[in-house]
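Chemist: Sharing a model prediction with you, sequence too.
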Amino acid sequence: MSDAPGPDGLSVNRVLAVLTKEFIQLTRDRLTYAMILVMPIVQLLLFGYAINNDPRDLPTAVLVQDHGPMARSTLSALVNSGYFKVVQEAGSPADLDRAIARGEVQFALTIPADFTRRVVREDQAQILVEADASDPAATGGAIAALANLPRTALSRDLVGAAAQTGRDPFEVVIHRRYNPESITAYNIVPGLLGVILSMTLVMMTSLGVTREYERGTMEGLLATPARPIEVMIGKLAPYVAVGVIQTVVILVLARALFAVPMAGGWGALVLGVTLFIVGSLALGFLISTLARTQLQAMQMSFFYILPSILLSGFMFPFRGMPGWAQTLGSVIPVTHFLRVVRGSLLKGLGVEDLWASLLALAAFVVAIAAAAMMRYRRTLD
(Lines give C-alpha, C1' and ligand atoms only; values in the text may rest on other atoms or scores of the structure.)
Protein backbone atom coordinates (compact mmCIF):
# COMPACT_ATOMS: atom_id res chain seq x y z
CA MET A 1 0.00 0.00 0.00
CA SER A 2 1.36 3.37 -0.96
CA ASP A 3 2.09 5.93 1.73
CA ALA A 4 1.36 8.78 -0.65
CA PRO A 5 -1.17 11.20 0.80
CA GLY A 6 -4.57 11.40 -0.77
CA PRO A 7 -6.14 14.49 -2.29
CA ASP A 8 -6.81 15.95 1.15
CA GLY A 9 -3.37 15.10 2.54
CA LEU A 10 -4.61 12.07 4.54
CA SER A 11 -2.24 9.09 4.76
CA VAL A 12 -3.91 5.75 5.48
CA ASN A 13 -0.62 4.19 6.59
CA ARG A 14 0.01 6.90 9.16
CA VAL A 15 -3.53 6.54 10.48
CA LEU A 16 -3.04 2.77 10.82
CA ALA A 17 0.28 3.31 12.57
CA VAL A 18 -1.30 5.61 15.15
CA LEU A 19 -4.22 3.21 15.50
CA THR A 20 -1.87 0.28 16.14
CA LYS A 21 0.05 2.32 18.70
CA GLU A 22 -3.15 3.16 20.60
CA PHE A 23 -4.21 -0.50 20.74
CA ILE A 24 -0.79 -1.47 22.06
CA GLN A 25 -0.96 1.30 24.67
CA LEU A 26 -4.43 0.17 25.68
CA THR A 27 -3.30 -3.41 26.28
CA ARG A 28 -0.40 -2.16 28.40
CA ASP A 29 -2.79 -0.21 30.64
CA ARG A 30 -4.23 -3.29 32.28
CA LEU A 31 -6.57 -1.39 34.60
CA THR A 32 -8.25 0.50 31.77
CA TYR A 33 -8.47 -2.67 29.71
CA ALA A 34 -10.06 -4.53 32.62
CA MET A 35 -12.57 -1.73 33.21
CA ILE A 36 -13.61 -1.82 29.56
CA LEU A 37 -14.37 -5.53 29.85
CA VAL A 38 -15.66 -5.74 33.42
CA MET A 39 -17.94 -2.71 33.68
CA PRO A 40 -20.46 -3.82 31.00
CA ILE A 41 -20.60 -7.28 32.58
CA VAL A 42 -21.14 -5.83 36.06
CA GLN A 43 -23.88 -3.52 34.82
CA LEU A 44 -25.59 -6.35 32.95
CA LEU A 45 -25.57 -8.63 36.00
CA LEU A 46 -26.73 -5.92 38.39
CA PHE A 47 -29.55 -4.61 36.24
CA GLY A 48 -30.56 -8.02 34.94
CA TYR A 49 -30.52 -10.05 38.15
CA ALA A 50 -30.21 -7.80 41.19
CA ILE A 51 -32.65 -4.97 40.47
CA ASN A 52 -36.28 -5.66 41.31
CA ASN A 53 -38.92 -2.99 41.85
CA ASP A 54 -41.52 -5.49 43.06
CA PRO A 55 -39.99 -7.14 46.15
CA ARG A 56 -41.42 -10.45 47.36
CA ASP A 57 -41.03 -12.49 50.57
CA LEU A 58 -40.71 -9.35 52.66
CA PRO A 59 -39.85 -10.14 56.30
CA THR A 60 -42.95 -9.92 58.48
CA ALA A 61 -43.50 -10.14 62.23
CA VAL A 62 -46.88 -11.40 63.47
CA LEU A 63 -48.77 -11.10 66.71
CA VAL A 64 -51.63 -13.64 66.59
CA GLN A 65 -53.88 -13.31 69.62
CA ASP A 66 -56.66 -15.45 68.14
CA HIS A 67 -55.67 -19.09 67.60
CA GLY A 68 -58.87 -20.15 65.84
CA PRO A 69 -59.04 -21.63 62.34
CA MET A 70 -60.07 -18.34 60.73
CA ALA A 71 -57.01 -16.59 62.11
CA ARG A 72 -54.79 -19.39 60.79
CA SER A 73 -56.47 -19.20 57.37
CA THR A 74 -55.93 -15.45 57.24
CA LEU A 75 -52.25 -15.82 58.10
CA SER A 76 -51.82 -18.58 55.50
CA ALA A 77 -53.49 -16.47 52.82
CA LEU A 78 -51.16 -13.59 53.67
CA VAL A 79 -48.08 -15.78 53.22
CA ASN A 80 -49.46 -17.42 50.06
CA SER A 81 -49.73 -14.03 48.40
CA GLY A 82 -45.96 -14.23 47.91
CA TYR A 83 -45.27 -10.78 49.32
CA PHE A 84 -44.94 -11.69 52.99
CA LYS A 85 -42.61 -14.06 54.80
CA VAL A 86 -43.14 -14.61 58.53
CA VAL A 87 -39.75 -14.40 60.22
CA GLN A 88 -40.76 -13.46 63.75
CA GLU A 89 -43.63 -14.23 66.12
CA ALA A 90 -43.94 -11.37 68.57
CA GLY A 91 -45.15 -11.74 72.12
CA SER A 92 -46.51 -8.24 72.53
CA PRO A 93 -47.23 -5.04 70.57
CA ALA A 94 -43.99 -3.61 71.97
CA ASP A 95 -42.04 -6.42 70.29
CA LEU A 96 -43.70 -5.59 66.97
CA ASP A 97 -42.92 -1.92 67.38
CA ARG A 98 -39.28 -2.62 68.17
CA ALA A 99 -38.83 -5.01 65.23
CA ILE A 100 -40.27 -2.65 62.64
CA ALA A 101 -38.49 0.40 64.06
CA ARG A 102 -35.08 -1.27 63.89
CA GLY A 103 -35.69 -2.46 60.35
CA GLU A 104 -35.67 -6.14 61.29
CA VAL A 105 -38.99 -6.58 59.45
CA GLN A 106 -40.82 -4.71 56.73
CA PHE A 107 -44.34 -5.51 57.98
CA ALA A 108 -46.02 -6.26 61.29
CA LEU A 109 -49.36 -8.10 61.41
CA THR A 110 -51.70 -8.12 64.40
CA ILE A 111 -54.73 -10.44 64.56
CA PRO A 112 -56.78 -9.47 67.67
CA ALA A 113 -58.18 -11.97 70.16
CA ASP A 114 -61.79 -11.32 69.11
CA PHE A 115 -61.15 -11.79 65.39
CA THR A 116 -63.06 -15.07 64.90
CA ARG A 117 -66.00 -13.97 67.07
CA ARG A 118 -66.40 -10.73 65.16
CA VAL A 119 -66.19 -12.48 61.77
CA VAL A 120 -68.90 -14.97 62.73
CA ARG A 121 -71.12 -12.19 64.10
CA GLU A 122 -70.37 -9.91 61.14
CA ASP A 123 -69.29 -7.32 63.69
CA GLN A 124 -66.69 -5.29 61.76
CA ALA A 125 -63.75 -7.65 62.27
CA GLN A 126 -60.33 -6.09 61.61
CA ILE A 127 -56.68 -7.00 61.39
CA LEU A 128 -53.85 -4.48 61.60
CA VAL A 129 -50.94 -4.41 59.15
CA GLU A 130 -48.15 -1.96 59.93
CA ALA A 131 -45.67 -1.21 57.17
CA ASP A 132 -42.24 0.37 57.29
CA ALA A 133 -43.09 2.85 54.54
CA SER A 134 -39.88 4.84 54.75
CA ASP A 135 -39.17 3.38 51.29
CA PRO A 136 -42.51 3.49 49.41
CA ALA A 137 -41.16 1.38 46.54
CA ALA A 138 -40.44 -1.53 48.89
CA THR A 139 -43.97 -1.74 50.26
CA GLY A 140 -46.20 -0.60 47.38
CA GLY A 141 -46.78 -4.00 45.78
CA ALA A 142 -47.36 -5.78 49.08
CA ILE A 143 -49.86 -3.18 50.28
CA ALA A 144 -51.75 -3.42 47.00
CA ALA A 145 -51.97 -7.21 47.43
CA LEU A 146 -53.69 -6.75 50.79
CA ALA A 147 -56.81 -5.44 49.04
CA ASN A 148 -57.72 -8.99 47.96
CA LEU A 149 -57.01 -10.61 51.30
CA PRO A 150 -60.48 -10.23 52.91
CA ARG A 151 -62.23 -11.80 49.88
CA THR A 152 -59.95 -14.83 49.57
CA ALA A 153 -58.62 -15.65 53.04
CA LEU A 154 -61.82 -17.18 54.47
CA SER A 155 -63.37 -18.60 51.30
CA ARG A 156 -63.27 -22.12 52.77
CA ASP A 157 -64.08 -21.22 56.36
CA LEU A 158 -67.32 -19.33 55.84
CA VAL A 159 -70.40 -21.41 55.08
CA GLY A 160 -74.12 -20.80 54.80
CA ALA A 161 -75.46 -17.29 55.15
CA ALA A 162 -72.11 -15.90 56.27
CA ALA A 163 -70.61 -16.82 52.89
CA GLN A 164 -73.41 -15.24 50.87
CA THR A 165 -73.58 -11.76 52.36
CA GLY A 166 -71.48 -10.25 49.57
CA ARG A 167 -69.52 -8.19 52.08
CA ASP A 168 -65.89 -8.66 53.06
CA PRO A 169 -65.74 -10.75 56.25
CA PHE A 170 -63.10 -8.46 57.77
CA GLU A 171 -61.20 -5.26 57.12
CA VAL A 172 -57.45 -4.82 56.73
CA VAL A 173 -56.35 -1.66 58.54
CA ILE A 174 -53.06 -0.49 57.03
CA HIS A 175 -50.78 1.77 59.01
CA ARG A 176 -47.93 3.24 56.95
CA ARG A 177 -45.28 4.20 59.47
CA TYR A 178 -42.57 6.85 59.10
CA ASN A 179 -43.89 7.97 55.71
CA PRO A 180 -47.70 7.75 55.73
CA GLU A 181 -48.08 9.83 52.56
CA SER A 182 -45.55 7.69 50.64
CA ILE A 183 -43.42 10.69 49.72
CA THR A 184 -40.42 9.43 47.76
CA ALA A 185 -38.24 12.39 48.77
CA TYR A 186 -38.30 11.25 52.40
CA ASN A 187 -36.36 8.17 51.34
CA ILE A 188 -34.26 9.51 48.46
CA VAL A 189 -33.01 12.80 49.91
CA PRO A 190 -31.43 11.34 53.08
CA GLY A 191 -29.92 8.61 50.92
CA LEU A 192 -28.30 11.25 48.74
CA LEU A 193 -26.06 12.13 51.67
CA GLY A 194 -24.27 8.80 51.39
CA VAL A 195 -23.99 8.91 47.60
CA ILE A 196 -22.72 12.50 47.47
CA LEU A 197 -20.15 11.94 50.21
CA SER A 198 -18.93 8.80 48.43
CA MET A 199 -18.60 10.50 45.07
CA THR A 200 -16.84 13.59 46.35
CA LEU A 201 -14.62 12.29 49.14
CA VAL A 202 -13.44 9.06 47.53
CA MET A 203 -12.87 10.62 44.13
CA MET A 204 -11.41 13.91 45.34
CA THR A 205 -8.97 12.19 47.68
CA SER A 206 -7.82 9.59 45.16
CA LEU A 207 -7.38 12.18 42.40
CA GLY A 208 -5.70 14.71 44.69
CA VAL A 209 -3.06 12.34 46.03
CA THR A 210 -2.49 10.69 42.64
CA ARG A 211 -1.96 14.13 41.11
CA GLU A 212 0.82 14.75 43.63
CA TYR A 213 2.60 11.59 42.46
CA GLU A 214 2.13 12.48 38.78
CA ARG A 215 3.57 15.95 39.24
CA GLY A 216 6.42 14.71 41.44
CA THR A 217 5.49 17.02 44.31
CA MET A 218 4.81 14.13 46.68
CA GLU A 219 8.52 13.27 46.74
CA GLY A 220 9.23 16.90 47.62
CA LEU A 221 6.81 16.77 50.53
CA LEU A 222 8.32 13.53 51.79
CA ALA A 223 11.80 15.07 51.59
CA THR A 224 10.80 17.68 54.18
CA PRO A 225 11.13 17.01 57.93
CA ALA A 226 7.42 16.10 58.01
CA ARG A 227 6.86 12.38 58.45
CA PRO A 228 4.69 10.52 55.91
CA ILE A 229 1.78 10.14 58.34
CA GLU A 230 1.91 13.88 59.03
CA VAL A 231 1.87 14.61 55.32
CA MET A 232 -1.17 12.40 54.85
CA ILE A 233 -3.07 13.90 57.78
CA GLY A 234 -2.34 17.38 56.48
CA LYS A 235 -3.53 16.49 52.98
CA LEU A 236 -6.70 14.68 54.07
CA ALA A 237 -7.82 17.06 56.83
CA PRO A 238 -9.31 19.63 54.40
CA TYR A 239 -11.50 16.91 52.90
CA VAL A 240 -12.92 16.19 56.34
CA ALA A 241 -14.08 19.80 56.45
CA VAL A 242 -15.53 19.37 52.95
CA GLY A 243 -17.50 16.33 54.10
CA VAL A 244 -18.84 18.11 57.17
CA ILE A 245 -19.91 21.14 55.13
CA GLN A 246 -21.63 18.92 52.57
CA THR A 247 -23.48 17.07 55.32
CA VAL A 248 -24.76 20.27 56.92
CA VAL A 249 -25.83 21.74 53.56
CA ILE A 250 -27.68 18.58 52.52
CA LEU A 251 -29.51 18.25 55.85
CA VAL A 252 -30.52 21.92 55.86
CA LEU A 253 -31.80 21.78 52.28
CA ALA A 254 -33.53 18.46 52.92
CA ARG A 255 -35.54 20.10 55.67
CA ALA A 256 -36.08 23.45 53.97
CA LEU A 257 -36.92 22.26 50.45
CA PHE A 258 -38.37 18.78 50.92
CA ALA A 259 -39.65 18.91 54.53
CA VAL A 260 -37.81 15.69 55.35
CA PRO A 261 -38.65 14.69 58.94
CA MET A 262 -35.93 15.19 61.52
CA ALA A 263 -37.11 12.74 64.17
CA GLY A 264 -33.93 12.85 66.23
CA GLY A 265 -31.25 10.25 66.75
CA TRP A 266 -28.56 12.90 66.40
CA GLY A 267 -25.96 10.93 68.34
CA ALA A 268 -26.17 7.99 65.93
CA LEU A 269 -26.21 10.36 62.95
CA VAL A 270 -23.09 12.28 64.04
CA LEU A 271 -21.21 9.07 64.79
CA GLY A 272 -22.29 7.51 61.49
CA VAL A 273 -21.29 10.60 59.46
CA THR A 274 -17.90 10.74 61.19
CA LEU A 275 -17.14 7.09 60.51
CA PHE A 276 -18.32 7.31 56.93
CA ILE A 277 -16.26 10.41 56.14
CA VAL A 278 -13.11 8.88 57.62
CA GLY A 279 -13.75 5.58 55.82
CA SER A 280 -14.34 7.30 52.48
CA LEU A 281 -11.13 9.30 52.81
CA ALA A 282 -9.20 6.15 53.72
CA LEU A 283 -10.63 4.40 50.67
CA GLY A 284 -9.65 7.30 48.42
CA PHE A 285 -6.17 7.20 49.94
CA LEU A 286 -5.95 3.46 49.27
CA ILE A 287 -7.01 3.95 45.65
CA SER A 288 -4.33 6.62 45.21
CA THR A 289 -1.65 4.11 46.25
CA LEU A 290 -2.90 1.61 43.66
CA ALA A 291 -3.47 3.96 40.71
CA ARG A 292 -0.61 5.24 38.59
CA THR A 293 -2.54 8.04 36.91
CA GLN A 294 -5.53 10.22 37.65
CA LEU A 295 -7.49 8.38 34.96
CA GLN A 296 -6.93 5.09 36.74
CA ALA A 297 -7.91 6.67 40.05
CA MET A 298 -11.17 7.91 38.54
CA GLN A 299 -11.91 4.51 37.02
CA MET A 300 -11.31 2.72 40.31
CA SER A 301 -13.49 5.25 42.13
CA PHE A 302 -16.37 4.65 39.73
CA PHE A 303 -15.93 0.90 40.15
CA TYR A 304 -16.71 1.46 43.85
CA ILE A 305 -19.41 4.10 43.40
CA LEU A 306 -21.57 2.21 40.87
CA PRO A 307 -22.32 -0.79 43.14
CA SER A 308 -22.76 1.62 46.03
CA ILE A 309 -25.63 3.30 44.18
CA LEU A 310 -27.25 0.12 42.85
CA LEU A 311 -26.81 -2.34 45.73
CA SER A 312 -27.12 -0.16 48.81
CA GLY A 313 -30.87 0.39 48.68
CA PHE A 314 -30.52 3.98 47.51
CA MET A 315 -32.27 3.64 44.15
CA PHE A 316 -33.91 0.23 44.40
CA PRO A 317 -35.46 -1.68 47.35
CA PHE A 318 -32.71 -3.57 49.15
CA ARG A 319 -35.00 -6.46 50.08
CA GLY A 320 -36.10 -6.81 46.47
CA MET A 321 -32.66 -8.08 45.47
CA PRO A 322 -31.77 -11.79 45.48
CA GLY A 323 -29.82 -13.22 48.41
CA TRP A 324 -26.41 -13.03 46.75
CA ALA A 325 -26.95 -9.37 45.86
CA GLN A 326 -28.04 -8.55 49.42
CA THR A 327 -24.92 -10.27 50.73
CA LEU A 328 -22.76 -8.24 48.36
CA GLY A 329 -24.64 -5.08 49.28
CA SER A 330 -24.07 -5.72 52.98
CA VAL A 331 -20.32 -5.48 52.37
CA ILE A 332 -20.68 -1.98 50.90
CA PRO A 333 -20.39 0.72 53.60
CA VAL A 334 -22.97 2.96 51.91
CA THR A 335 -25.64 0.34 52.74
CA HIS A 336 -25.01 0.65 56.47
CA PHE A 337 -24.62 4.42 56.31
CA LEU A 338 -28.02 4.78 54.62
CA ARG A 339 -29.58 2.70 57.40
CA VAL A 340 -28.06 5.03 59.97
CA VAL A 341 -29.16 8.20 58.19
CA ARG A 342 -32.70 7.03 57.44
CA GLY A 343 -33.09 5.37 60.82
CA SER A 344 -32.04 8.47 62.73
CA LEU A 345 -33.86 11.07 60.63
CA LEU A 346 -37.09 9.23 59.81
CA LYS A 347 -37.45 7.00 62.89
CA GLY A 348 -35.50 8.81 65.59
CA LEU A 349 -33.35 5.75 66.34
CA GLY A 350 -30.31 6.07 68.58
CA VAL A 351 -26.97 4.33 68.88
CA GLU A 352 -28.53 1.45 70.83
CA ASP A 353 -30.83 0.69 67.87
CA LEU A 354 -28.33 1.24 65.07
CA TRP A 355 -25.28 -0.31 66.73
CA ALA A 356 -24.98 -3.09 64.13
CA SER A 357 -24.69 -0.63 61.21
CA LEU A 358 -22.34 1.62 63.18
CA LEU A 359 -20.16 -1.37 64.04
CA ALA A 360 -20.02 -2.32 60.34
CA LEU A 361 -18.89 1.24 59.47
CA ALA A 362 -16.24 1.12 62.20
CA ALA A 363 -14.94 -2.20 60.87
CA PHE A 364 -14.78 -0.71 57.37
CA VAL A 365 -12.74 2.25 58.64
CA VAL A 366 -10.25 0.02 60.48
CA ALA A 367 -9.82 -2.42 57.59
CA ILE A 368 -9.45 0.20 54.84
CA ALA A 369 -7.18 2.46 56.92
CA ALA A 370 -4.89 -0.49 57.76
CA ALA A 371 -4.74 -1.56 54.10
CA ALA A 372 -4.05 2.01 52.98
CA MET A 373 -1.19 2.50 55.42
CA MET A 374 0.37 -0.85 54.51
CA ARG A 375 0.13 -0.02 50.82
CA TYR A 376 1.47 3.48 51.43
CA ARG A 377 4.60 2.14 53.14
CA ARG A 378 5.21 -0.22 50.24
CA THR A 379 4.82 2.69 47.82
CA LEU A 380 7.45 4.67 49.74
CA ASP A 381 9.87 1.76 49.68
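Modeler: Nice, thanks for sending it over. Numbering: from 1, shown residues only.
Chemist: Please make it C-alpha for all contacts and neighbour counts, starting now.
Modeler: Fine.
Chemist: Distance check, residue 280 against residue 367.
Modeler: When CA to CA, to the nearest Å is the yardstick, residue 280 and residue 367 sit 12 Å from each other.
Chemist: ok, these two, which is more surrounded?
Modeler: It is residue 280, of residue 280 and residue 367, that has more neighbours when counted by other CA atoms under 10 Å, with 27 against 14.
Chemist: give me every residue that touches the more buried one.
Modeler: Shown here is residue 280, whose contacts under the criterion CA atoms under 8 Å, 6 or more residues apart in numbering are 197, 198, 201, 202.
Chemist: contacting residues around residue 271?
Modeler: Residues touching residue 271, when contacts are defined by CA under 8 Å, 6+ apart, comprise residue 358.
Chemist: Just to be sure, it is in a helix?
Modeler: Yes - with the criterion set as DSSP: H, G, I helix; E, B strand; the rest coil, the secondary structure at residue 271 is a helix.
Chemist: care to break the chain down by domain?
Modeler: Dividing the chain into domains by automatic domain parsing, as the record does, gives the ranges 58-177, 185-380.
Chemist: circling back to that earlier point, is it possible to get JSON lines of the contacts of residue 280 that adds pLDDT?
Modeler: Shown next, in JSON lines, are the contacts of residue 280 (pLDDT from 0 to 100):
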{"residue": "197", "pLDDT": "94"}
{"residue": "198", "pLDDT": "91"}
{"residue": "201", "pLDDT": "92"}
{"residue": "202", "pLDDT": "93"}
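Chemist: Out of those residues, who's the most crowded?
Modeler: Sorting the contacts of residue 280 by how many neighbours each has (other CA under 10 Å) puts residue 202 first, at 31 neighbours.
Chemist: which non-adjacent residue is nearest that residue?
Modeler: The spatially closest residue to residue 202, leaving aside those adjacent along the chain, is residue 284, at 4.3 Å (CA to CA, 6 or more residues apart in numbering).
Chemist: contacts for stretch 337-346?
Modeler: 102, 134, 178, 186-187, 190-191, 194, 260-266, 268-269, 272-273, 276, 312-314, 349-350, 354, 357-358, 361.
Chemist: Please repeat the previous calculation with a cut-off of 7 Å.
Modeler: 178, 190-191, 194, 261-266, 268-269, 272, 276, 349-350, 354, 357 (CA atoms under 7 Å, 6 or more residues apart in numbering).
Chemist: do stretch 91-110 as well
Modeler: Where contact means CA under 7 Å, 6+ apart, the residues beyond stretch 91-110 that reach it are 58-64, 90, 127-132, 347, 353.
Chemist: again, only using 6 Å
Modeler: Under the contact criterion CA atoms under 6 Å, 6 or more residues apart in numbering, stretch 91-110 has outside partners 59-64, 90, 127-132.
Chemist: Can you classify residue 129 as helix, strand or coil?
Modeler: Local secondary structure at residue 129 is given as strand here, using three-state DSSP.
Chemist: again, but for residue 14
Modeler: Assigned with three-state DSSP, residue 14 falls in the helix class.
Chemist: Can you check which of the domains of the chain gets nearest to residue 24?
Modeler: Residue 24 lies closest to domain 185-380 among the domains of the chain, at 17.2 Å (CA to CA).
Chemist: Tell me the gap between that closest one and the middle of its chain.
Modeler: Counting by CA atoms, centre = their mean, to the nearest Å, domain 185-380 is centred 13 Å from the centre of its parent chain.
Chemist: ok, now stretch 118-138?
Modeler: The chain centroid and the centroid of stretch 118-138 are separated by 28 Å under CA atoms, centre = their mean.
Chemist: Buried ones in that stretch, by neighbour count?
Modeler: Neighbour-count burial for stretch 118-138 flags 119, 125-138 (criterion: 16 or more other CA atoms under 10 Å).
Chemist: Residue 320: which of those is nearest?
Modeler: Distance to residue 320 across those (CA to CA) is lowest for residue 138, with 7.3 Å.
Chemist: Name the nearest residue to that closest one, ignoring sequence neighbours.
Modeler: residue 317 (5.2 Å).
Chemist: which sections of the stretch 201-350 of the chain are below the confidence cut-off?
Modeler: Within the stretch 201-350 of the chain, the segments meeting pLDDT under 70 span 218-219, 221-222, 226-229.
Chemist: Strands of that one, start to end?
Modeler: Assignment of strands within the stretch 201-350 of the chain using DSSP state E, counting those that start in this stretch yields no ranges at all.
Chemist: From residue 113, how far out is residue 125?
Modeler: Counting by CA to CA, the separation of residue 125 from residue 113 is 11 Å.
Chemist: what residue is smack in the middle of the chain?
Modeler: Relative to the mean C-alpha position of the chain, the nearest C-alpha, by CA atoms, centre = their mean, is the one of residue 312, at 2.1 Å.
Chemist: Name the nearest residue to that residue, ignoring sequence neighbours.
Modeler: Residue 312 sits nearest to residue 335 (CA to CA, 6+ apart), 4.2 Å away.
Chemist: okay, now the one you found: neighbour count?
Modeler: For residue 335, the number of neighbouring residues by other CA under 10 Å comes to 24.
Chemist: right, and it touches residue 311 too?
Modeler: No - at 7.6 Å, residue 335 does not count as touching residue 311 under the criterion of CA atoms under 6 Å.
Chemist: Can you tell me how far the residue nearest to residue 138 is from residue 106?
Modeler: Shown here: residue 317 relative to residue 106, a distance of 11 Å by CA to CA.
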